[in-house]
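Novice: Predicted model, plus sequence, below.
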Protein chains: 2
Amino acid sequence: MPESIWFRDDDRPRRPRLSRERIVAAAVALLDAEGVTGFSMRALAARLRAGTMSLYEYVQSREDVLDLALDEVIGEVDEPRAGDPWRELLVRQLTRSRQVMRRHPWMPALTATRPLLGPNALARSRVIYAALARAGLHGPELTAAVGTLSSYVNGFVAAENTWWDTVRTPAADAGLRARVADHLNEHAADLGGLAQVDDGDFDGQFRLGLDLILDGIAGRLRPA
Amino acid sequence: MPESIWFRDDDRPRRPRLSRERIVAAAVALLDAEGVTGFSMRALAARLRAGTMSLYEYVQSREDVLDLALDEVIGEVDEPRAGDPWRELLVRQLTRSRQVMRRHPWMPALTATRPLLGPNALARSRVIYAALARAGLHGPELTAAVGTLSSYVNGFVAAENTWWDTVRTPAADAGLRARVADHLNEHAADLGGLAQVDDGDFDGQFRLGLDLILDGIAGRLRPA
DNA sequence: ACGGTTTTCCGTACAGTGCACGGAAGGCAG
DNA sequence: CTGCCTTCCGTGCACTGTACGGAAAACCGT
């Protein structure tokens, strides 16, 4: 009879071994729950019911954990369907990226300070490169287009998150809200007259900005 | 005879009074010198030859100082020349934004987590809004265009900075550099054949991506 | 089953952080 | 000089990342 995974012969409970994978998974969960400010090695170890220093057997530093957690969730963006035309493929892929970043709102803060060189990040980057290259973009224009698109997604979600976190939070003081209202009303005329302080339609806004960039790219494919 | 600013009657040195302005200026200097990780209230106070807790007479928290420092340097982007055509104005303004962000490489990390609602930030935002409105953009397309442009600048400089800080730094290990090389060489063909690991032409890249977006915007001005 | 080796675990300790509190020092009005 | 108010800041607390060295467990050849 095989020995139990959870109990040894003398019935003392045995916790599952620590591992890089378990640490990264717990880190993602912790970041989702507490945000990047609430993330600490002690809290992470507590979640795993382990001593703090045990983590360092599998991980080099706190920064290392953050790198790994980041690449882990980047992996949630799945592969594109083969055969999609380039524009549809990009819209799909980047929309999915945004969804993932909304699910893990700590991502933009990290991507802003780290190079995205984990395996999953490179894989996603490859997808974008390939799609644009297949569309007919090459050389500096190709790298510029790739950079523009990923910058856009990062920046958009970052702004979107800070909106929810700081302006649309119960703790937001009246002064802050008033300044936002003033700023919006100032451009009320340009915005179509009915600019309320209310939250914008982020989905539509995202798509609009994305189409703006994609239009610019499309214009480079067949030089007038 | 006016009394000295630096010494009082009994020759005991008198330091200039603390003030919000002096604190913010010192904060910017400290951030420039040590980066956001090296920024601490103790170090900031030391720079001002003051006790740590004295700062809190003028400032609410560390976060508050960072907000103030951020808006302070945003103010370094100067007013646009009146009368420029919209596209030229935007290129000028955003290029200047990038220069400022390069001078203060800690900016992208902060803008990714904070709402930009300081007076200087709002003033710059107004400029962009006005230019695009004058160009003929209105409603959701206007806000989308503004968001896209600022996202782009933030994202681009963030990527640019992490490149210099982590890849192009003496401390970068060989493994990291090798991965970057692999990734670049993978797309060597698409990139024009001669993709070396070397640093790209960031100025040109920035301008290329910017033009991409501006092309997209221009296309919305006169619906085909 | 046993001794030895290696891997995994983690308690302690240290230097650092942001900031609450309460008191000292300095400027000013009466 | 007395009171008052602003400015200054020393001390202390709870918390951080992680270096170090030892305990515990797992594995292995005999």
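Specialist: All right, it came through fine. Numbers count the residues shown, from 1 in each chain, chains lettered A, B, ... in the order given.
Novice: C-alpha from now on. contacts and neighbour counts both.
Specialist: Will do.
Novice: Residue numbers of chain A in contact with DNA strand D?
Specialist: Residues of chain A lying near DNA strand D by CA under 7 Å from any atom of the strand: A:Gly38, A:Phe39, A:Ser40, A:Met41, A:Arg42, A:Ala43, A:Thr52, A:Met53, A:Gln60, A:Ser61, A:Arg62, A:Glu63.
Novice: got TSV for those residues, with neighbour count, pLDDT and secondary structure too?
Specialist: Output for the residues of chain A next to DNA strand D, formatted as TSV (neighbours: other CA atoms under 10 Å in any protein chain shown; pLDDT from 0 to 100; DSSP: H, G, I helix; E, B strand; the rest coil):
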residue	neighbour count	pLDDT	secondary structure
A:Gly38	13	97	coil
A:Phe39	18	98	coil
A:Ser40	16	98	coil
A:Met41	18	98	helix
A:Arg42	14	98	helix
A:Ala43	17	98	helix
A:Thr52	15	98	helix
A:Met53	11	98	helix
A:Gln60	10	97	coil
A:Ser61	13	98	coil
A:Arg62	14	98	helix
A:Glu63	11	97	helix
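Novice: Greatest separation within those: which pair is it?
Specialist: The span of the residues of chain A next to DNA strand D, defined through CA to CA, is set by A:Gly38 and A:Gln60 at 19.6 Å.
Novice: quick one, domains of chain A?
Specialist: A:11-73, A:78-219 (automatic domain parsing).
Novice: Could you single out the most deeply buried of the ones you listed?
Specialist: Highest mean neighbour count among these (mean count of other CA atoms under 10 Å in any protein chain shown): domain A:78-219, with a mean of 18.
Novice: Kindly check the end-to-end length of that one for me.
Specialist: In terms of CA to CA, to the nearest Å, the two terminal residues of domain A:78-219 are separated by 28 Å.
Novice: for the record, mean pLDDT for that domain?
Specialist: For domain A:78-219, the mean per-residue pLDDT is 88.
Novice: now the helices for chain A?
Specialist: Secondary structure of chain A (DSSP state H): helices at A:20-34, A:41-47, A:62-74, A:86-103, A:107-111, A:119-135, A:139-162, A:174-186, A:188-191, A:202-221.
Novice: between the fourth one and helix A:62-74, how many degrees?
Specialist: Using axes from the mean of the first three to the mean of the last three CA atoms, to 10 degrees, one finds that helix A:86-103 and helix A:62-74 are set 130 degrees apart in direction.
Novice: Helix A:86-103 and chain B in contact?
Specialist: No. Counting by CA under 8 Å from any CA of the partner chain, chain B has no neighbours in helix A:86-103; the shortest distance is 12.9 Å.
Novice: Quick one: name the residues of chain A near DNA strand C.
Specialist: A:Arg17, A:Leu18, A:Ser19, A:Arg49, A:Ala50, A:Gly51, A:Thr52, A:Met53, A:Ser54, A:Tyr56, A:Glu57.
Novice: which residues does the third one contact?
Specialist: What it means is A:Ser19. The neighbours of A:Ser19, taking CA atoms under 8 Å, 6 or more residues apart in numbering or on different chains as the test, are A:Tyr58.
Novice: for it, phi and psi?
Specialist: Taking degrees, to the nearest 10, you get phi -160, psi 160 for the backbone angles of A:Ser19.
Novice: how close does it get to A:Leu31?
Specialist: When CA to CA is the yardstick, A:Ser19 and A:Leu31 sit 18 Å from each other.
Novice: And the last one, by the same measure?
Specialist: Here the distance between A:Glu57 and A:Leu31 works out to 21 Å (CA to CA).
Novice: can you pull the contacts of A:Thr166?
Specialist: Contact analysis of A:Thr166 by CA under 8 Å, 6+ apart lists A:Ala172, B:Arg114, B:Pro115.
Novice: Turn these into a markdown table, columns for distance to B:Thr148.
Specialist: Listed next are the contacts of A:Thr166 as a markdown table, based on distance: CA to CA, whole Å:
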| residue | distance to B:Thr148 |
| --- | --- |
| A:Ala172 | 26 |
| B:Arg114 | 17 |
| B:Pro115 | 16 |
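Novice: Which of these sits closest to A:Arg207?
Specialist: Nearest to A:Arg207 among the contacts of A:Thr166, with distances taken as CA to CA, is B:Pro115, at 21.5 Å.
Novice: Does A:Gly35 touch A:Trp106 like I think?
Specialist: Yes. Contact criterion CA atoms under 8 Å: A:Gly35 and A:Trp106 qualify, at 5.9 Å.
Novice: thinking again about what came up before, using JSON lines, lay out the helices of chain A together with distance to B:Pro80.
Specialist: JSON lines is the format used below for the helices of chain A (distance: least, CA to CA, whole Å):
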{"stretch": "helix A:20-34", "distance to B:Pro80": "41"}
{"stretch": "helix A:41-47", "distance to B:Pro80": "47"}
{"stretch": "helix A:62-74", "distance to B:Pro80": "39"}
{"stretch": "helix A:86-103", "distance to B:Pro80": "33"}
{"stretch": "helix A:107-111", "distance to B:Pro80": "30"}
{"stretch": "helix A:119-135", "distance to B:Pro80": "35"}
{"stretch": "helix A:139-162", "distance to B:Pro80": "24"}
{"stretch": "helix A:174-186", "distance to B:Pro80": "19"}
{"stretch": "helix A:188-191", "distance to B:Pro80": "20"}
{"stretch": "helix A:202-221", "distance to B:Pro80": "24"}
